[in-house]
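Visitor: Have a look at this prediction, sequence included:
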Amino acid sequence: MNRSGRPASWGGVVLVARREFRERFRSRAFQVATAITLVVVAAAVVVPALVDTTPKTRPVGLAGSSPVALSAAIEAQARAADVAVRIVPIGDEPTGENALRRGDIAVLVIDGRRMVWHRSVEARLAAVVRSAAAVVALRDDAARLGLTAAQTEALLSPAPLDSRTLDPEDPHRREREGAAAVTLALLLMAISLNGAMVLTGVVEEKSGRVVEVLLAHLRPWELLAGKVAGIGLLGLTQVTSIGATAVVLLAVLHPFDVPPIGIATFGLLLVWFILGYAIFSVAYGALGALAPRPEDAQNTTGPVTLCLVVAYFAAFTLAGHPDTLAAKFVSLFPLTAPLAMPERLVVGAVPWWETGLAITLTLAGVYGILRLGGRIYAGAVLRTGRTVNLVEAWRATGL
Amino acid sequence: MEAAGLELDGVSKRYGATVALDGCSLAVQPGRLTGFLGPNGAGKTTAMRCVFGLVQPDGGSVHWHGAPVDGAARRRFGYMPEERGLYPRMRVGEQVAYFARLAGMGQAEAGRAALGWLERLGLGDRAGDRVESLSHGNQQRVQLALALVHDPDLLVLDEPFAGLDPLAIESLGELLRERAAAGTTVLFSSHQLDLVEHLCEDVAIVDHGRVVLAGVLDDLRAAARTRTVRIGFDRPVAWIPGIASVRILAADGRQFVLSADPDADVEAIVRDARRAGRVARFSWEPPALSELFRDAVGESAASVADIDMRPARSA
C-alpha cells in the first residue's frame, strides 16, 4: 500500500540514482576495478596481435644426390596438402643431422630416398615428401617407358572430381561460437557484479540503519528504483567503455578473425545487459532486504544467484542448437532470455519478431519483478534483528 | 487551548501476537517541547514511526494541523530515529545536503542550509570529511543536522539525549527550546526524566501501547493525588512518621522523602518530625515527574527512576 496523497515523484528516484552514481564513481574500488578490467581486455587483444600465430613454415633439408625435380615436387605437394614448406639445401648427411638437432630443419631427405627426423615423425610432412618422391620416380619411369612429357602430366593429373555442399557451413561459425561464449561470460559477469552492488547497497543501508531516515522522506520503491537506476547507469558506462575499447583495438590490430558483428547487434547486447541487470538486481535488492546483516545476504539471495547460473548454463548448452524448441523457450522466457537471446544473436541470425517478443516479455518480467520485489523490499527493509521470511515481508504492507 | 499540531487518534498496531500500540492517542502542541516517556517496549518508537509512515497503523489516524498526514506534510517533518544511521563513506556536507534535497530543497539552498547547520553544530570545518572519520559524538551531531537541515515544522527525535556528555545535553536542550520558540512542534522521547522535567512544558507517558498520562507538566503535578515531602535532619535519626496518610518513599537516616495526601496537615508532619530530631530542611511540593511516571506505569516498570535524593528545593 502506498502512502496516501503523495504523487509519484521521479525527483526522489533521480536524487537517489545520482547519489549512487556519484558516490560509486568516485570510490577508489570502482576506479581500480575498471582500470584493471580495461587493462585485461586490452591485453587480451594486444598480446595475440604481438605473437605471430600463423602456422610455421616447415624447413625441409635436402642432402646427397637428390633428383633435380624433387624440390619442385615437394613444394607442389605441400601446396596441395596446405602445408607451408621451405627447401634448405644441405651439404652432407652429418651436417644435416646437426641441423636437425638444432631445429634448423624439420626433416632431412637424403638422396631423395630416406627421411631422417629429430625426435618424431611429422605425419603430414612425411606424406608430402613421400608423395613428392613418388611423383619424381613416376616421371622418371614414364620417361624411361617413352611417354612424352604431356602424356606424363595427363597421367599425373586425373580428371578433377566435382564437389558441392548441401548446407554450407557459416565460414565464421567457429569464431561466432567463440564470440558468443565470450559475450555470455561477460554478460553474466556484468549482471552479477552490478547486481551484487545493488545487494550490498541495500544490505548496508539496512544494517547501517540509514534506511529509516531515508524512508522518512522517500517511498521504498523510490529508494530501490533509484539505487537500481544509479548503479545500472554506472554499470552501463563501464560496460560500454570496456566494450568500445575492445572493439576499437580489434578493428585496429586484427589479432584474430573476428566474426562480422554489426553495430545493431552490439546495441542489442547493451539492451539485453540493461534488461538482465534490471530483473536480477531488483530481485537481489528485494531478497537482500530480508537479511539482517551483510553476511546473511548470501543466503537470502541464494535463489537469485541460482537462477542466474541456471540461465547461464541453459544459454550455454542450447547455443549449439538454436533451432530447437528448448532454445526458443529459454531465449523468450524473461529469466533466461537476457543471457540466452544475446548468445543466439551472436551465433547467428535471429528473426526480428523473436527479438521483439523476447524484449517485450522480458520488459513485462521487469515490471512484474518491480511490483513483487518492491513490495517485499518495503515489507522487509525496516525489520531488523533476524532474517525476515518472504511471507512476513509480503504481508507487512507497512509501506 | 490552541489546536494541536500533531495528533494521534486511537492508533493501533500489532505484530503477530505482540501489541505495539493499543489505541494510542496523543496531541502535540505547536511551539512547545513535548517529552514522550514510557518504559522500554511501551510503544514510543512505533508511535513515532507511524508519524512518518514507516509503520502503517492497523487502526486510528495521524493528523497534522487537522488534516491527515500526507507526503507534502512529511517533507516538512524532521526525524531522528533511535537507531542512528548515516552513510559512513559519504562526506559530511554532501550527506546533510542530500537529505535537504530529499526534503524538497533546491541544490544551492540545500548546500547553504547544510553548511549553516554544520557551522551551528560546531562541525563547519568537517564538512569535507567522511562521516566514518568523525567521533561518535560528532556523528550524532550530523544525525541531528539531517533532522534540522530543512527547517522542519515538526521535529520528532527518538532518544536524542542518549549517549551525550553533559555539555552536549546542555546545548541540545538549548537548541530544542530555541526551535520551539521559533514555532516548531517538538516531540522527543527520553528516559532521562529529570532532563524532561527541566526542559519540557508538556509530557505524554505511554505504557503498553496507550497514553496513560498526558498534558502540561505543571498541571499534571498540581493535579496529582499526592504531595512529596522532603525533610532533612541535621544528624541521622530513627524516625517513623506517626501520621496515617504519610508514607516513606525513601530514607537514608538524614534525608526523608515522604508521600502525603494533598490535604494532609503540613503542620502536624513538621511537629512529628521535630520529635525525632532537629529539622534542617523541609519542603512540600507536588510530586516530581519521576513520581508521576512511577504512578502512571506502575512499580513493575523496568525503567522507573530512583527517587530523587537531592536536597529539597524550597517549596
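Guide: Thanks, I have it.
Visitor: Now do the helices in the stretch 151-300 of chain A.
Guide: A:173-207, A:210-215, A:220-253, A:263-288, A:297-300 (DSSP state H, counting those that start in this stretch).
Visitor: Off-centre distance for stretch B:28-46?
Guide: Averaging C-alpha positions (C-alpha atoms, centre = their mean, to the nearest Å) puts stretch B:28-46 6 Å from its chain's average.
Visitor: could I get the helices of the stretch 151-300 of chain A as CSV with distance to chain B and mean pLDDT?
Guide: All C-beta atoms are positioned from the backbone trio N, CA, C, and that covers glycine. Conversion of these to CSV gives the following (distance: least, C-beta to the nearest C-beta, whole Å; pLDDT from 0 to 100):
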stretch, distance to chain B, mean pLDDT
helix A:173-207, 8, 88
helix A:210-215, 4, 93
helix A:220-253, 10, 89
helix A:263-288, 17, 91
helix A:297-300, 17, 89
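Visitor: Can you pull the phi/psi pair for the residue in the stretch 201-315 of chain B that chain A sits nearest to?
Guide: Nearest residue of the stretch 201-315 of chain B to chain A (C-beta to the nearest C-beta) works out as B:Gly209 at 16.6 Å. The phi/psi pair for B:Gly209 (degrees, to the nearest 10) reads phi 80, psi 0.
Visitor: neighbours of it, just the number please.
Guide: Using other C-beta atoms under 10 Å in any protein chain shown, B:Gly209 has 22 other residues around it.
Visitor: And for it, nearest residue in space, chain neighbours not counted?
Guide: B:Asp22 (3.5 Å; C-beta to C-beta, 6 or more residues apart in numbering or on different chains).
Visitor: Contact partners for the one you found?
Guide: Counting by C-beta atoms under 8 Å, 6 or more residues apart in numbering or on different chains, B:Asp22 makes contact with B:12, B:43, B:208-210.
Visitor: Keep only those of the residues you listed that are in helices.
Guide: Under the assignment DSSP state H, the contacts of B:Asp22 contribute nothing to helices.
Visitor: Please report which of these has the highest neighbour count.
Guide: The member of those surrounded by the most neighbours (other C-beta under 10 Å) is B:Gly43, with 24 neighbours in all.
Visitor: Now the strand or helix carrying A:Val136: buried residues?
Guide: A:Val136 belongs to helix A:123-145 when assigned by DSSP states H and E. Using 16 or more other C-beta atoms under 10 Å in any protein chain shown as the test for burial, helix A:123-145 gives A:125, A:128-129, A:131-133, A:135-136, A:139, A:142.
Visitor: which among those residues gets closest to chain B?
Guide: Among the buried residues of helix A:123-145, A:Leu125 lies closest to chain B (C-beta to the nearest C-beta), at 64.2 Å.
Visitor: what's the burial count for the residue nearest to A:Thr305 when sequence neighbours are not counted?
Guide: Nearest in space to A:Thr305, with sequence neighbours left out and distances taken as C-beta to C-beta, 6+ apart, is A:Ser192 at 7.5 Å. For A:Ser192, the count of nearby residues is 21 (other C-beta under 10 Å).
Visitor: List the contacts of A:Ser192.
Guide: Counted by C-beta under 8 Å, 6+ apart, A:Ser192 has contacts A:280, A:305, A:308.
Visitor: And A:Ala196, by the same measure?
Guide: Taking C-beta under 8 Å, 6+ apart as the test, what A:Ala196 contacts is A:Tyr284.
Visitor: okay, B:Arg275: pLDDT?
Guide: At B:Arg275, the predicted lDDT confidence score is 89.
Visitor: Next: B:Ala223.
Guide: Note on B:Ala223: pLDDT of 89.
Visitor: Point out the residues in the stretch 101-250 of chain B that sit beside chain A.
Guide: Neighbours of chain A within the stretch 101-250 of chain B, by C-beta under 8 Å from any C-beta of the partner chain: B:101-103, B:143, B:146-147.
Visitor: try it again with 6 Å
Guide: B:101-103, B:146 (C-beta under 6 Å from any C-beta of the partner chain).
Visitor: Sort out which one of the residues you listed lies nearest B:Asp153 for me.
Guide: B:Ala103 (11.3 Å; C-beta to C-beta).
Visitor: Let me see the contact set for B:Val212.
Guide: B:Val212 sits next to B:205, B:296 when contact means C-beta atoms under 6 Å, 6 or more residues apart in numbering or on different chains.
Visitor: Can you classify it by secondary structure?
Guide: Counting by DSSP: H, G, I helix; E, B strand; the rest coil, the backbone at B:Val212 sits in strand.
Visitor: now swap in B:Val156 and tell me
Guide: Relying on three-state DSSP, one would call B:Val156 strand.
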